[in-house]
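Engineer: Sequence first, then the predicted structure, then my questions.
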Amino acid sequence: MAPVSPLSALNFADDLYDTCPERPLFQRVRDQIDCKVNLVHRIDRGTSGAVLLCTDTSDPSFTSSLQRKLSDGQKTYLAWCRGNGEYLKKLGTGEETTYKLPGEGRIEPVETLGSGWFRVDRAIKNERASLRDAVTDFRVVAVGVDNFVVECRPHTGRWHQIRKHLSSLSAPILGDVSHGNTKTNRMWRERGLPANRLGLHLVRLDLPGDEKSQDPPILVHAPVPPDLTTLWREHCPDALEILNAYDTGLHDDDNT
């Protein structure tokens, strides 16, 4: 099952539990279906999108098998960022070759994914301040006057990976108090971006099938919620057009 996470809800109980206005997501689902559930993956608080859960079974390896499939599969996010996105577009076409990431990070176009895609390969620190390899593919899909939307496909699952990689490109996600700009965030709050809201949405999960076990592929789509689409309609209308690319053929899927 893949419920869409409320913005203010934690995926599970942790140190922030006492400050959260809603019960953790997996506890709410567990109570609704009256069955133990396991969390396959999680997303940051303030991020919206699909969270994959599975019912607890007698086979303890079932959850880990789904986690392996997700690791071999693909997560697709939409990030709403500060700036006009033009230089990021040039990173995807190869027109911009002088931009340097901090440290030993690398940027290169990814022609195999199609036009406009580029890859950021830059190690980032985890919760314990240890550097870990991190790779994310990006493509600018819509541009406004002072904001833009970028499609993000992480290859690794590091702590705040997408947020840190975009910040290193001087394109922080709107509403990101950890890696963004306070003045910019305040301006967008005044424009209607909800408090504690990150401009980040997990729009799609693709898990491969298994020929040996005859398990079918799993495809999950989470529509972008109104709190973002309303703002996009006013400030980045081109973003609404690209949503059809994620909707096509997905709402009728059994796994949606």
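Structural biologist: Right, received. Where do you want to start?
Engineer: Could you list every helix and strand that the host helix or strand of Leu228 packs against?
Structural biologist: Assessed by DSSP states H and E, Leu228 sits inside helix 226-235. If contacts are counted by 3 or more CB pairs under 8 Å, 6 or more residues apart in numbering; DSSP states H and E, helix 226-235 sits against helix 238-247. In short, each C-beta sits where N, CA and C put it, glycine included.
Engineer: Who are the packing partners of the helix it packs on?
Structural biologist: strand 74-82, strand 135-143, strand 147-154, helix 226-235.
Engineer: neighbours around the closest residue to Ser71 other than its chain neighbours, how many?
Structural biologist: Using CB to CB, 6 or more residues apart in numbering and skipping the chain neighbours, the partner closest in space to Ser71 is Gly157 (7.5 Å). If you count neighbours by other CB atoms under 10 Å, Gly157 ends up with 14.
Engineer: Then Gly49?
Structural biologist: 24.
Engineer: Just to be sure, it is in a strand?
Structural biologist: Yes - counting by DSSP: H, G, I helix; E, B strand; the rest coil, one finds Gly49 located in a strand.
Engineer: picking that back up, turn the helices and strands packed on helix 238-247 into CSV, columns for mean pLDDT.
Structural biologist: Output for the helices and strands packed on helix 238-247, formatted as CSV (pLDDT from 0 to 100):
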stretch, mean pLDDT
strand 74-82, 96
strand 135-143, 97
strand 147-154, 97
helix 226-235, 96
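Engineer: Go through the ones you listed and name the closest to Gln214.
Structural biologist: strand 74-82 (21.2 Å; CB to CB).
Engineer: List the residues that contact Asp44.
Structural biologist: 160, 163, 198, 200 (CB atoms under 8 Å, 6 or more residues apart in numbering).
Engineer: How is it assigned, secondary-structure-wise?
Structural biologist: Applying three-state DSSP: Asp44 is coil.
Engineer: which element is Asp206 on?
Structural biologist: Per DSSP H and E: strand 200-207 holds Asp206.
Engineer: Ok, His165 next?
Structural biologist: helix 161-168.
Engineer: Run through the neighbouring helices and strands of that helix.
Structural biologist: Helix 161-168 packs on strand 74-82, strand 124-125, strand 135-143, strand 147-154, going by 3+ CB pairs under 8 Å, 6+ apart.
Engineer: Keeping just the C-alphas, turn it into PDB.
Structural biologist: Extracted C-alpha coordinates of helix 161-168, given in PDB (Å, rounded to 0.1, in the frame of the first residue of the first chain):
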ATOM      1  CA  GLN A 161      20.300  14.300  -0.600                       C
ATOM      2  CA  ILE A 162      18.100  16.200  -3.100                       C
ATOM      3  CA  ARG A 163      17.900  19.200  -0.800                       C
ATOM      4  CA  LYS A 164      21.700  19.400  -0.400                       C
ATOM      5  CA  HIS A 165      22.500  18.800  -4.000                       C
ATOM      6  CA  LEU A 166      20.200  21.500  -5.200                       C
ATOM      7  CA  SER A 167      21.500  23.900  -2.600                       C
ATOM      8  CA  SER A 168      25.000  23.200  -3.900                       C
END
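Engineer: immediately after it, which helix or strand?
Structural biologist: helix 182-191.
Engineer: Check which residues of that next one are buried.
Structural biologist: Residues of helix 182-191 classed as buried by neighbour count (16 or more other CB atoms under 10 Å): 184-185, 188.
Engineer: what comes into contact with that helix?
Structural biologist: Residues contacting helix 182-191 (CB under 8 Å, 6+ apart): 82, 172, 174-177, 193, 195, 231, 235.
Engineer: rerun that using 7 Å as the cut-off
Structural biologist: Contacts with helix 182-191, where a contact means CB atoms under 7 Å, 6 or more residues apart in numbering, come from 82, 174-175, 177, 195, 231.
Engineer: again, but for stretch 90-107
Structural biologist: Outside stretch 90-107, the residues that reach it (CB under 7 Å, 6+ apart) are 87, 109, 116-122, 139-140, 168.
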